[in-house]
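Peer 1: predicted model and sequence below, questions to follow.
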Amino acid sequence: MTTTHSEEPTAEELRAMTPEQVMLAGAEADGVHIVHRRDRFPIRGTRAEKRAERAIALCFTISALGGVGFVVAFVAMPYHWHLPGTPQNFKFYTPALGGLLTIMLLFMGLGLVLWAKWLMPEEEVVQDRHDEPSSDEDKIMTEATLAVGLADTGLPRRSLILRSLGLAGGALAAVPLVALVGAMIKKPGTQLHYTMFRRNKALFPDTDGRVPLVYSDWRRVSPGDLLPGGIATIFPGVHEEDAQGKNGLTSASSPTLLIRLRPGQNVKSRKGQADYGWPKENPEYVAFSKICTHAGCPASLYEQQTTRLLCPCHQSQFEVLEDAKPVFGPATRSLPKLPLDVVIEDGVQYFVARNDFNEPIGPGYWERA
Amino acid sequence: MSTAAPSRRSEQPRTRPGRAAKFFDDRLNIAGPLRKQLNKVFPDHWSFMMGEIALYSFIILLLTGTYLTFFFDPSMVETVYHGRYVPLQGITMSKAYESTLNITFDVRGGLIVRQIHHWAALLFVAAMLIHMIRVFFTGAFRKPRELNWLIGLTLIMLGIIEGFAGYSLPDDLLSGTGLRIADAIMLSIPVVGTWVSFLVFGGPFPGDLIIGRFYIAHVLLIPAILAALIGVHLALIVRQKHTQFPGPGHSEHQVSGERVFPTYAAKAGGFFFIVFASLTALGGFAQINPVWLYGPYNPAQVSSGSQPDWYMMFLDGSTRLFPSWEIRLWGYDLPPLFWPTVVLPGILVTLAAAYPFIEAKMTNDTAHHHLLQRPRDVPVRTALGSMALTFYAVLFLSGGNDLIANAFDISLNAMTWGGRIFLLVLPPLAYGFAYRVCLGLQRHDREVLEHGVETGIIRVLPNGEFIEVHQPLGPVDEHGHGRLPYAGTPVPKRMGQLGATSPLRHLRGFFYPVTEKPEIQAALDELAARAADQSPQGELTDSSTSSTD
């Protein structure tokens, strides 16, 4: 309990006071000085006081009605989504709930604030901060307690215990860290270096391991599908799931953009990629990884007029006619180019990937080089 | 003394609160400490409400978030949608996305709770940031409150991470794009980047673990840390007591305001409901994050104008503005993404954390401070803050530069270059501008203290000279110069602000004359009349003898 000052009134004296006087005495005991205190309505029961009281009560009543209205609306109003062209009454459900909740909460809040401002006594109260530093006695005694306690353990002079304890503590900290983080660690290995376009003789013996290209509905891609200037998102046609349970469509490294150039458009190829298009000479079709080399968003906005690919996340721009070289924005690397080839099956031409991309796709990382 | 005889009061409390309190005091001995807390004094100022808004938003987040967990399924297992929202029927999606759709379309009132939760998250971080700005510009972070500054900074960072984790949970196209970028950021870290990414995602992006991991972080780990730190933050405020602007009765040794019980508690409680009401209004009327329009996440798709929640936009902006600089050394690669998304936030946080100590060191200030400073009185700090805010604002706007370019028909490339240039040029300009404005405001304060308030009255002297009459604020010396020193408080600049009138008084009086309540007015009139009787001469000074300048 708090230490009693000599000036503080005794229990006997307190019992002789009015409650208000006792309250003031209690505040003084806590270092709280009520310098100004005035009843908002010194004369009880005036019309103004009644008016204030009624207004606050009205707030609480409206709040209660809002709550009742919420329950009614919640139960009675239609909320199921319906196709456009049918009654769209469900659209009023959420606004109605929001409005009624707002009425309930707002008038609850208003009522409380007005109650405090209109009816509770006006007060100006000053409290001591007690920001003095700890007393010298306290400091000296606490310091000695700490120092002697430490000496009692003998740690400062028993270095053997100190060192072995340090070792045990380290083990104690390391074990959970190893157990948790170690369980979560997955070796990246070379997984980021390859995509599902990689040659796979086991799955595709007929095409010498070359992976067929498909659309997002597994339809195979043929050269005649696209108009000049057209683009399509294509994927490796691999149905089998990899270690992560992803197939050719769902793997994050798969999305690739197939572009059919307009007549007269020539691609200035990067070194070693001259024959990656189809046909090999004067290619009409080129394919680039859709995954931006900056932060991995799909760079999917193709401007036919400027032949630029734009990534909508950070606005890197790639010039298709220069083998998707970055020409603006934060990206530093060209989009990797997929070497294309065509096979003929049952008299129909189908695209296949001659090989995987010749570099890792997507955002850069330390081991990428 | 009261006439009540002591014998009428027995040991047994007579009042109902007394009896209720006795039950607990008999068991816990808390009469003294409890009274101390009830009597605790809190100062009042509108700028102190920002932290309150953040606290209340957090409570609302806990309430709405708990509700959402009853319906949300944090699973990345694929399923085919057969729910009520016809446009997505038959589409393959994760259970997380499906259950978000179900909360939206099948759970009665699920949509409004989801929207309130999202709006509350935006408000939570916004209120914390504005609270931090308030604390910075008024010097509330100074000794002895550096610890609370650091805790507050941690709270903001955790709030942003918590928000990003929650934003990722629905597994829609927009949040998946955000996760993809987060993965790229992890990959960009030198040496350990790929290991970090594989550790978080459990393999190559996206894997099938990340939603579950973010879920437990979002609903348990981070909220628990947030709640604990908020508790410490508040405990330190109670321990050290709230800061206060200088004013009558407000000194370094005393805090002035209202006691917790009952007035402050009623006001703060009411304010909680008002904040909650604002959020339910937003949740009911302002659509936010309509994930059913975005569709499930698909690594091959993205929509233009993909914008993260506002608190991530400065990072998006820095990423967009940073030039295409990549370092390749000895067969290793340091991607450009590393600098604007890892290094820059690291620098910003370090500077913010170190600022209280740097300022104390530079100004050799080891004293305790409980009184706040007006921003104009510390021009260097205010200018530094303005510089930081300008830097942040350019990054923030650049995070939406594609939308701005679209809305105003500006070239996107021009927006990027403009952002790069403004980012370097505007902050120093803001520093100089804010510094000058502070000095100008200081000088005007001193001028009014010295010469008085402009009355707007022009007088012709007998010799034909025109002078403007000034009303001094207090006693003047033989030259007619005011003797009041500057006390760090607002100085009245117009006649309407003189005296004990509140700054809002002339606003209140705009619609109808300001009148006291009749009872109070009658009492005041009576007091005035009694005072006039007792001192016939009065102490009113003749304002027409005021100093002239």
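Peer 2: That came through, no problem.

Peer 1: can you give me the neighbour number for B:P428?
Peer 2: B:P428 has 13 neighbours, counted by other C-beta atoms under 10 Å in any protein chain shown. No exception for glycine: its C-beta is placed from N, CA and C like everyone else's.

Peer 1: so it lies in a helix, does it not?
Peer 2: Yes. Assessed by DSSP: H, G, I helix; E, B strand; the rest coil, B:P428 belongs to a helix.

Peer 1: grab the nearest non-local neighbour of it.
Peer 2: Distances taken as C-beta to C-beta, 6 or more residues apart in numbering or on different chains put B:M387 closest to B:P428, at 6.9 Å, once the chain neighbours are dropped.

Peer 1: ok, now B:E252?
Peer 2: Nearest to B:E252 is B:H370, by C-beta to C-beta, 6+ apart, at 5.1 Å.

Peer 1: residues contacting the one you found?
Peer 2: A:R129, A:D131, B:K241, B:T243, B:Q244, B:E252, B:H253, B:V255 (C-beta atoms under 8 Å, 6 or more residues apart in numbering or on different chains).

Peer 1: up against chain A, what does the stretch 351-500 of chain B have?
Peer 2: Proximity of the stretch 351-500 of chain B to chain A, by C-beta under 8 Å from any C-beta of the partner chain, involves residues B:H368, B:H370, B:N401, B:D402, B:L412, B:N413, B:T416.

Peer 1: out of the contacts of B:H370, which one sits closest to B:A165?
Peer 2: Nearest to B:A165, judged by C-beta to C-beta, of the contacts of B:H370 is B:T243 at 33.0 Å.

Peer 1: tell me which other helices or strands the strand or helix carrying A:F351 touches.
Peer 2: If you go by DSSP states H and E, A:F351 is part of strand A:348-353. Packing partners of strand A:348-353 (3 or more C-beta pairs under 8 Å, 6 or more residues apart in numbering or on different chains; DSSP states H and E): strand A:211-214, strand A:340-345.

Peer 1: what segments of the stretch 251-400 of chain B are strands?
Peer 2: Per DSSP state E, counting those that start in this stretch, the stretch 251-400 of chain B carries strands over the ranges B:254-259, B:327-329, B:332-334.

Peer 1: return the most buried member of these.
Peer 2: Across the strands of the stretch 251-400 of chain B, the average number of neighbours (mean count of other C-beta atoms under 10 Å in any protein chain shown) peaks for strand B:254-259, which reaches a mean of 22.

Peer 1: quick one: A:F288 and chain B, what's the gap?
Peer 2: Using C-beta to the nearest C-beta, to the nearest Å, one gets 13 Å for the distance from A:F288 to chain B.

Peer 1: give me the neighbour count for the residue of the stretch 251-400 of chain B found nearest chain A.
Peer 2: Chain A sits closest to B:G284 of the stretch 251-400 of chain B, with a gap of 1.0 Å, by C-beta to the nearest C-beta. Residues near B:G284, counting by other C-beta under 10 Å, number 23.

Peer 1: then stretch A:298-317 to CSV, C-alphas only?
Peer 2: Only the C-alpha atoms of stretch A:298-317 are listed here, as CSV (Å, rounded to 0.1, in the frame of the first residue of the first chain):
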residue,chain,number,x,y,z
PRO,A,298,4.5,-11.5,-66.3
ALA,A,299,5.7,-8.9,-68.8
SER,A,300,2.5,-9.2,-70.8
LEU,A,301,1.6,-5.8,-72.4
TYR,A,302,2.7,-6.0,-76.0
GLU,A,303,2.6,-2.8,-78.0
GLN,A,304,2.3,-3.8,-81.6
GLN,A,305,3.2,-0.3,-82.9
THR,A,306,6.5,0.0,-80.9
THR,A,307,7.2,-3.7,-80.7
ARG,A,308,7.8,-3.3,-77.0
LEU,A,309,6.9,-5.6,-74.2
LEU,A,310,5.9,-3.7,-71.0
CYS,A,311,5.9,-5.2,-67.5
PRO,A,312,3.0,-3.6,-65.6
CYS,A,313,4.6,-4.0,-62.1
HIS,A,314,7.6,-1.7,-62.5
GLN,A,315,7.4,-0.7,-66.1
SER,A,316,10.4,-2.3,-67.5
GLN,A,317,10.2,-2.2,-71.3
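
Peer 1: buried sites along that stretch?
Peer 2: If you call a residue buried by 16 or more other C-beta atoms under 10 Å in any protein chain shown, then stretch A:298-317 has these buried ones: A:298-300, A:302, A:307-317.

Peer 1: mind checking which of the residues of the stretch 351-500 of chain B next to chain A are buried?
Peer 2: B:H370, B:N401, B:D402, B:L412, B:T416.

Peer 1: so where's the chain uncertain?
Peer 2: Using chain A here. A:1-6, A:369 (pLDDT under 70).

Peer 1: the intended chain is chain B.
Peer 2: Using pLDDT under 70, the flagged stretches of chain B are B:1-11, B:496-520, B:534-549.

Peer 1: need the longest strand for it.
Peer 2: strand B:453-460 (DSSP state E).

Peer 1: so who does A:L261 touch?
Peer 2: A:P228, A:G229, A:V267, A:P283, A:E284, A:Y285, A:V286, A:V320.

Peer 1: how close does it get to A:L226?
Peer 2: 10 Å (C-beta to C-beta, to the nearest Å).

Peer 1: what sits in contact with each of the two?
Peer 2: A:Y285.

Peer 1: of the helices and strands packed on strand A:348-353, which is nearest chain B?
Peer 2: The nearest among the helices and strands packed on strand A:348-353, by C-beta to the nearest C-beta, is strand A:211-214 at 12.1 Å.

Peer 1: output the contacting helices and strands for the next helix or strand after the closest one.
Peer 2: Counting by DSSP H and E, the next helix or strand C-terminal to strand A:211-214 is strand A:231-236. On a contact count with 3+ C-beta pairs under 8 Å, 6+ apart, strand A:231-236 meets strand A:211-214, strand A:256-260.

Peer 1: can you give the distance of strand A:231-236 from its chain's centre?
Peer 2: Centroid displacement of strand A:231-236 relative to its chain, using C-alpha atoms, centre = their mean, to the nearest Å, is 29 Å.

Peer 1: repeat for stretch A:108-119
Peer 2: Here stretch A:108-119 is found 38 Å from its chain centre; the criterion is C-alpha atoms, centre = their mean.

Peer 1: can you check stretch B:416-429 too?
Peer 2: Distance, stretch centre to chain centre, for stretch B:416-429: 26 Å (C-alpha atoms, centre = their mean).

Peer 1: just the buried positions in that stretch, please.
Peer 2: B:T416, B:G418, B:G419, B:R420, B:F422, B:L423, B:L426, B:P427.

Peer 1: direction-wise, compare the helix or strand where the second one lies with strand B:453-460 and give the angle.
Peer 2: It stands for B:G418. Per DSSP H and E, B:G418 falls inside helix B:412-451. With axes from the mean of the first three to the mean of the last three C-alpha atoms, to 10 degrees defining the directions, helix B:412-451 sits at 70 degrees from strand B:453-460.
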